[in-house]
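[1] Provided below are the primary sequence and the corresponding predicted coordinates.
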Amino acid sequence: MCLECKRYIKEGDSVSQFDSICEVQSDKASVTITSRYDGIIRKLHYNLDEIAYVGKPLVDIEIDASKGVASEEDVVETPPMSHEEHTHQEIKGHKTLATPAVRRLAMENNIKLSEVVGTGKDNRILKEDILNYLAKQTGAILPPSPKGEIIPPLPKSETVPAAPKDKARKIPLPVSRPLVFSGKDKTEPITGFHKAMVKTMSAALKIPHFGYCDEIDLTQLVQLREDLKPLAQIRGVKLSFMPFFIKAASLGLLQYPILNASLDESCQNVTYKASHNIGVAMDTEQGLIVPNVKNVQVCSVFEIASELNRLQALGSAGQLGTNDLTGGTFTLSNIGTIGGTYTKPVILPPEVAIGALGKIQILPRFNGKGEVFKAQIMNVSWSADHRIIDGATMARFSNLWKSYLENPASMLIDLK
Ligand code: CAO
């Protein structure tokens with residue numbers, strides 16, 4: 001892990017439980033480490049930007065003897081905490097008291113905290129103080145929200161709220177919040193998942209991508225899922241289309257193992273992966289993350305659904321662990337939950353192939369008798385590393401995947 005960006009403490013500082021110690025950036029996640037103890041910081045084991053190793057001491061805290069804790073010195077091994085969890089904690093040792101969320105809001109609007117009068121306890125600066133300061137600067141009037149809260153201006157990371165998943169509501173609602181423009185450009189550091197995206201996507205640029213697209217008729221699968229959904233629900237699992245897409249991909253990979261492989265940096269060796277750890281691109285509030293479902297080759301569709309539910313719950317809470325986020329061997333990206341038909345997915349190195357799924361739409365198609373029927377059509381776009389995968393292989397794999405999904409009963413033949 002690489003310690004970077006922010007350290008909230010220095011040697012000699014007093015800390016309380018849950019005070020922020022530092023931010024840790026791994027390839028996949030940015031988390032805030034907080035203190036488990038009340039005490040005094042005696043030793044920092046790392047400088048900024050040094051690599052910190054899991055299981056090794058990060059910081060020594062002398063525990064307050066008056067509180068009756070036996071040990072004199074202890075090592076923080078606090079589990080990582082997401083930014084969201086962290087937002088309600090105070091950071092001490094600064095002239096101004098404000099939560100990280102308030103500091104971010106101020107930074108995003110180029111406001112110096114020292115210029116804002118805090119109206120909270122001990123002059124703590126609240127979100128409202130920032131918004132009032134901004135309103136005074138811009139002359140904007142901030143209306144109260146339905147709950148009586150003040151609605152913040154839209155910072156970059158918040159943008160427009162996610163579209164409602166209610167299928168009956170076809171027309172996207174306009175954003176009701178008034179936009180407040182501070183009239184100034186702003187520059188902000190790239191951190192967290194966005195930083196990981198810079199790294200991964202820059203590495204992906206070195207890969208010559210071969211693209212292949214097709215359309216899939218999901219009419220039977222749509223019906224099958226409708227039939228199975230209540231069964232899964234009784235067992236406490238939400239059954240979406242992804243488990244079928246993932247299982248069909250794994251069945252295809254058994255026949256085309258080159259697509260579940262990795263190429264070494266010098267392009268001298270290819271490693272065929274025994275496990276089908278299928279990554280699923282997830283759109284979360286913290287940004288794009290790609291946790292993977294491990295060993296899909298030995299999982300049932302129900303087991304995949306259950307695991308996906310777990311990953312989604314952890315992903316939206318910003319609590320996915322390193323194990324879930326690493327070791328992927330092949331990726332599927334269901335951008336169709338948001339919209340679109342064809343895309344150009346970018347391979348996640350060291351993987352060699354990725355598929356992106358468009359939105360499922362009801363479209364007219366012809367059946368075998370030449371009659372028009374309402375078909376549930378989805379487009380798929382594959383990208384493969386053309387250094388080791390030829391177009392014909394990608395197309396054959398896609399055909400097989402397509403046949404499993406267009407005739408889902410055919411999966412039974414190959415299921416173990
Ligand atoms: N077209 C239309 N509807 C779809 C669909 C598609 N391709 N895929 C799923 N749906 C439907 C589901 O059936 C579900 O409807 P019901 O509630 O009626 O069952 C609804 O959309 C919501 O699905 P979901 O999001 O709960 O579950 P999922 O397993 O289908 O998708 C996930 C999970 C994580 C893939 C998705 O939430 C997501 O994050 N997608 C975006 C991925 C992304 O950002 N890709 C880009 C990567 S590159 O930057």
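    Right, received. Where do you want to start? What you see is a predicted model, and the numbers here were worked out from it, not measured in a lab.

[2] Over to residue 218: give its phi and psi.
    Per-residue torsions, residue 218: phi -100, psi 20 (degrees, to the nearest 10).

[3] Please work out how many residues are found near it.
    Other residues near residue 218 come to 24 when the count uses other C-beta atoms under 10 Å. C-beta here means a position set from N, CA and C on the backbone, and glycine is covered the same way.

[4] Check the gap between the residue nearest to residue 316 when sequence neighbours are not counted and the ligand for me.
    Excluding the flanking residues, the one nearest residue 316 by C-beta to C-beta, 6 or more residues apart in numbering is residue 284, at 5.7 Å. Distance of residue 284 to the ligand, given as C-beta to the nearest ligand atom, to the nearest Å: 7 Å.

[5] ok, what's across the strand from residue 284?
    Taking DSSP bridges as the rule, residue 284 bridges to residue 287.

[6] what residues are up against it?
    Residues in contact with residue 284, defined by C-beta atoms under 8 Å, 6 or more residues apart in numbering, are 193, 315-316, 318.

[7] In CSV: these, plus neighbour count.
    Formatted as CSV, the contacts of residue 284 follow (neighbours: other C-beta atoms under 10 Å):
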residue, neighbour count
193, 21
315, 22
316, 16
318, 22
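
[8] Just give me the least confident of the residues you listed.
    In terms of pLDDT, the lowest of the contacts of residue 284 is residue 193, showing 86.

[9] quick revisit: mind checking how far the residue nearest to residue 316 is from residue 115?
    Separation of residue 284 from residue 115 (C-beta to C-beta, to the nearest Å) stands at 33 Å.

[10] How about the secondary structure of residue 46?
    The assignment at residue 46 comes out as coil when based on DSSP: H, G, I helix; E, B strand; the rest coil.

[11] and it, how many residues sit next to it?
    19.

[12] Please report phi then psi for it.
    Here is the backbone geometry of residue 46 (degrees, to the nearest 10): phi -140, psi 150.

[13] Wait, a helix at residue 259?
    Yes - under three-state DSSP, residue 259 falls within a helix.

[14] Now do the contacts for it.
    Contacts of residue 259 by C-beta under 8 Å, 6+ apart are 252-253, 330, 352-353, 384, 389, 393-394, 397.

[15] again, only this time at 6 Å
    Applying C-beta atoms under 6 Å, 6 or more residues apart in numbering to residue 259 gives the contacts 253, 353, 397.

[16] which residue sits closest to the first one in space, ignoring its chain neighbours?
    Read it as residue 253. Computed as C-beta to C-beta, 6+ apart, the closest residue to residue 253 that is not its neighbour in sequence is residue 260, at 4.3 Å.

[17] Can you report how many residues neighbour the one you found?
    By other C-beta under 10 Å, the residues close to residue 260 number 26.

[18] Good, wrapping up.
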